[in-house]
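[1] sequence first, then the predicted structure:
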Amino acid sequence: MRRRDVLHLGLSEATVRYRDSDEVDFVIVGSGAAGGVLARELSLAGFSVVVLEQGPRLGEADFKHDEYAYWFQWEIAADPARNPQTFRTSEREEARVRPRVPPAIYARLVGGSSVHFTANFWRLHPVDFVEGTLWSGVEGASLVDWPITYQELEPYYARVDWEVGVSGQAGASPFEPPRSRPYPMPPVAVKSSGILLEKGCREMGWTAFPAPMAIATESFRGRPGCIHCGFCMGFGCEVRAKSSTLVTMIPEAEATGRCEIRPESRVVGIEIDRSGRTTGVRYLDRDRTERMQRGKSVILAANGAETPRLLFLSESSRHPDGLANSSGLVGKYLMTNGQSMVGAAFEHELNDFKSVQVTRIMHDFYDSDPARGFYGGGGIDARLFYHPMLWGVEGYGPPGAPRWGAEYKALLRDYPRSMFVNGHTTSLPVETNSISLDPDVRDAWGYPAIRMTYRDHPDDLSTMRFMQERSVEIAEAAGAKRVWRYPVANTTITAHLLGTCRMGKEPAASVIDPDHRTHDVPNLFICDGSSMVTSGRGQPTMTIMALAFRAAERIGGLARRGEI
Amino acid sequence: MGWSVLAAQFPAAARAAREARRIASGELPRSLVVLSPAEAAEVEEISAVIIPTDDTPGAREAGAVYFIDRALGDFLSPEADRFRAGLSDFGQRLSSSHGGASSIADLDAAEASSFLRSVQDTWFFNLCWALTVWGTFADPSHGGNRDQSGWSMLGFEDRHAWQPPFGYYDAGAHGDSG
């Protein structure tokens, strides 16, 4: 048995519990893709850590195959009844509450959205880090280089592959970024959607290749391989095959005896002393009692919507525009990744409701090409996307398709013969796209609600339309007997919350430095989707985890050297 | 994109709805909570026009009306009176446009379809439509999709695990190892 497996077997032992008055080395806000990695890395490095998570702690036995519970009643994500959000497309509009489906979709439980995500695990490419230089500006956007390069981040991508658990096939993509190690597990067994994507791409002269997925395909570090149940996207894995931080990083953090995961702890403010340093965070426990957890340093890993919200909630007379906001850029440059969608029904059954969503992807149009006349690029995958309820509401056909009678039923019954060819694309960082506090709406705890302001840059919409045309070509070349499009429209709902506390060297032009330290508060750090400078082409979680591995190393080094 | 059309959904349930469902867990009684027998009968006829029965089950066999009734008794309870009023209005329009017809079941398929076009933008019909679809395809524990008949009509099956090959097009791709 490998050493790491032994770590997993030790989980039933009680983990460490700290008192609020204990000044731990690190208080981490959020236990998702970034928070889970940070907790594991810093506790393994010998630091004392408390992770505050607003949601409950659930395990694989709590998860179920129930579309109504997760997609309609929001049992683990969104929760618009208690956590309302408002939306508007520009600052000139009054933002309105979205009572049914809030604009920012994320999960609230230990493990965060890494529990319910689809597990697409693309790395960024070298070009993603230097497009400011390559494009020397795009009108209406702040397209700048990252302060770090792909080469600097690559070792941490490799650590995610091997320590969190990613399956895939090195060398299969002609556009693959350089990698120091192969994948630790073979790719997910190909589905009919993958075969058809391969066929359509081949006919068009493009290349589909096995998708990198955060899904164990064989026994890996004490977890079993995927059993192909088909309930990944929006669901929690019932066998621990999906590589969420809930079943990977967090148990290993707790096994150090130095990390406490404290669920149902809702952080509402960051405390700052007279010298301008943070002393810890204020939070509401499950009984709504306000408490304060003291810490030598605080790391925000709450996601690209909650992290800026928390900085705004921490405003004071000395920080009237919110904490760590001397640049004025907290909450700005929100990026979501564009999407396009094409339905395709075939003669024979794909039965794509089985197994993981995505088994093949293509990156032939990943890079921007000035010849297209606009900035942007992306990737394409094929997947069923819909479980039965939402298939019946919107998946079976385009807007305007029959919705009753024999014609409707005939379209419904295309379910096992259908798939969707989806484009995943760049979002430009636009200053007016933002997360802020709604001036009127409050959550069930009495705190201001998240307000999202978002309108896609014209180049983003052009990129989505371009990818949709390529998707139609793929579907037709693959032999679909029916192809339908969903109109490309302004993004109003997203699960990707990126760029709202961007990283940079210049304090006037960024919120955090390349070590993830806020420019304004020396012992306050931020690491999550908000750190990203550009959006990539979709599927940001791999990069968020790689950033967290790197951040933990940088922050741990600063702490050891007494430089915090 | 799928997210965008999700916005057309109806209100997410209150916490209390979940509690009610736990109390009522197990095989649900086929009894009505909110709708009268006459109202339920007409809602079932409307659902049967939306997803008709042919050689495969439709909304009627799925018991979508029981899902609808339960929804009106829990998370949609604030809308229950408006729904019943909408149903009444639906009936009056039907009666006045089709010579005193008392039910949409009195119309043939072409007439019924034509009538639905005339009411397709009403609040009542859109809610009734959505609930019919949900009730036909939601997990059976929520009151509809009886015996998984909605799923079997679609060609969907919920299993704990599957093994490749999954479908026609990948049948040759898995080799001896399956």
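    Perfect, thanks for sending it. Residues are numbered from 1 along each chain as shown, chains lettered A, B, ... in the order given.

[2] quick one: buried residues of the longest helix seen in chain B?
    What stands out as the longest helix in chain B, according to DSSP state H, is helix B:80-97. Across helix B:80-97, burial judged by 16 or more other CB atoms under 10 Å in any protein chain shown covers B:80, B:83-84, B:86-87, B:90-91, B:94. Glycine gets a C-beta too; all of them are placed from N, C-alpha and C.

[3] from these, which is closest to chain A?
    Ranked by distance to chain A (CB to the nearest CB), the buried residues of helix B:80-97 are led by residue B:90 at 13.8 Å.

[4] which residue is the nearest non-sequential neighbour of the closest one?
    residue B:124 (5.8 Å; CB to CB, 6 or more residues apart in numbering or on different chains).

[5] where does the one you found land in three-state SS?
    helix (DSSP: H, G, I helix; E, B strand; the rest coil).

[6] cool, and the one 4 residues further on?
    Three-state assignment for residue B:128 (three-state DSSP): helix.

[7] try residue A:343
    Three-state call for residue A:343 (three-state DSSP): strand.

[8] so what pLDDT did it get?
    With respect to pLDDT, residue A:343 scores 98.

[9] which residues are in contact with it?
    When contacts are counted by CB atoms under 8 Å, 6 or more residues apart in numbering or on different chains, residue A:343 is found next to A:395, A:397-398, A:418-420, A:482-486.

[10] so which of the residues you listed reach chain B?
    Among the contacts of residue A:343, proximity to chain B is found for A:395, A:486 (CB under 8 Å from any CB of the partner chain).

[11] please indicate which of the contacts of residue A:343 are buried?
    Among these, those that count as buried by neighbour count (16+ other CB under 10 Å) are A:395, A:397, A:418-420, A:483-486.

[12] wait, which of these is closest to chain B?
    Ranked by distance to chain B (CB to the nearest CB), the buried ones among the contacts of residue A:343 are led by residue A:486 at 6.1 Å.

[13] low-confidence ranges, the chain, go.
    Picked chain A for this. A:1-14 (pLDDT under 70).

[14] my bad, the chain I had in mind was chain B
    Residue ranges of chain B with pLDDT under 70: B:1-30, B:176-178.

[15] quick check, central residue of it?
    The centroid of chain B falls nearest to residue B:132 when counting by CA atoms, centre = their mean (1.9 Å).

[16] name the helix or strand for that one, please.
    helix B:123-137 (DSSP states H and E).

[17] buried stuff in that helix?
    B:124-137.

[18] get me the contact residues on the stretch 351-500 of chain A for chain B.
    Residues of the stretch 351-500 of chain A lying close to chain B by CB under 8 Å from any CB are A:351-355, A:385-386, A:388-395, A:399, A:403-406, A:408-409, A:412-413, A:415-416, A:422, A:486, A:489, A:491-495.

[19] which among the residues you listed end up buried?
    For those, a neighbour count by 16+ other CB under 10 Å gives the buried set as A:351-355, A:385-386, A:388-395, A:403-405, A:408-409, A:412-413, A:415-416, A:422, A:486, A:491-495.

[20] can you tell me which of those are in helices?
    Counting by DSSP H, these place A:388-390, A:405, A:408-409, A:412 in helices.

[21] look up how far residue A:26 lies from the closest residue to residue A:41 other than its chain neighbours.
    Residue nearest to residue A:41 in three dimensions, not counting chain neighbours: residue A:552, with 3.4 Å by CB to CB, 6+ apart. In this view, residue A:552 and residue A:26 are 9 Å apart by CB to CB, to the nearest Å.

[22] what is in contact with those two at once?
    Counting by CB under 8 Å, 6+ apart, the contacts common to residue A:552 and residue A:26 are A:38, A:42.

[23] end-to-end on stretch A:325-343?
    Start-to-end span of stretch A:325-343 (CA to CA, to the nearest Å) is 44 Å.

[24] which positions within that stretch qualify as buried?
    A:325-327, A:329-343.

[25] looking at the residues you listed, which are in strands?
    Within the buried residues of stretch A:325-343, residues falling in strands by DSSP state E are A:338-343.

[26] tell me the one of these nearest chain B?
    Among these, residue A:339 lies closest to chain B (CB to the nearest CB), at 4.0 Å.

[27] thought the closest one was touching residue A:491?
    Yes: in this structure, residue A:339 is within contact of residue A:491 by CB atoms under 8 Å, at 7.4 Å.

[28] kindly report the residues of the stretch 151-300 of chain A close to chain B.
    Residues of the stretch 151-300 of chain A lying near chain B by CB under 8 Å from any CB: A:189-192, A:194-196, A:227-230, A:238.

[29] and the furthest pair within those?
    The two members of these with the most space between them (CB to CB) are A:196 and A:238, at 27.9 Å.

[30] about what we covered before: check contacts around the residue nearest to the centre of chain B.
    B:46-47, B:50-51, B:59, B:64, B:68.

[31] and with 10 Å instead?
    Applying CB atoms under 10 Å, 6 or more residues apart in numbering or on different chains to residue B:132 gives the contacts A:392, A:404, B:43-44, B:46-51, B:58-59, B:62, B:64-65, B:67-68, B:144.

[32] and the residues you listed, which of them are in helices?
    Judged by DSSP H, these include B:43-44, B:46-50, B:59, B:62, B:64-65, B:67-68 as members of helices.

[33] reformat those as a markdown table; add distance to residue A:251.
    A markdown table is the format used below for the ones in helices among the contacts of residue B:132 (distance: CB to CB, whole Å):
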| residue | distance to residue A:251 |
| --- | --- |
| B:43 | 49 |
| B:44 | 50 |
| B:46 | 51 |
| B:47 | 47 |
| B:48 | 51 |
| B:49 | 53 |
| B:50 | 47 |
| B:59 | 45 |
| B:62 | 42 |
| B:64 | 43 |
| B:65 | 46 |
| B:67 | 39 |
| B:68 | 43 |
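
[34] doesn't residue A:36 lie inside a strand?
    No: with three-state DSSP as the criterion, residue A:36 is assigned helix and is not in a strand.

[35] residue contacts, residue 157?
    Because you didn't say which chain, this covers chain A. Neighbouring residues of residue A:157 by CB under 10 Å, 6+ apart: A:121, A:123-124, A:150, A:166, A:177, A:179-181, A:542-543, A:545-547, A:549-550.

[36] right idea, wrong chain: chain B
    A:230, A:351, A:353-354, A:416, B:148, B:151 are the contacts of residue B:157 under CB under 10 Å, 6+ apart.

[37] ok, now how distant is residue A:42 from chain B?
    34 Å (CB to the nearest CB, to the nearest Å).

[38] my read: that residue touches residue A:25, true?
    Yes: using CB atoms under 10 Å as the test, residue A:42 is close enough to residue A:25 to be in contact (7.3 Å).

[39] and those two? which has more neighbours close in?
    Between residue A:42 and residue A:25, residue A:42 has the larger neighbour count (other CB atoms under 10 Å in any protein chain shown), namely 28 against 19.

[40] that one: which element?
    In this structure, residue A:42 sits in helix A:33-44 according to DSSP H and E.

[41] quick one, strands of the stretch 451-564 of chain A?
    Using DSSP state E, counting those that start in this stretch, the strands of the stretch 451-564 of chain A run over residues A:482-485, A:524-526.

[42] mind checking which of the ones you listed is nearest residue B:174?
    Shortest distance between residue B:174 and those, using CB to CB, is found for strand A:482-485: 27.1 Å.
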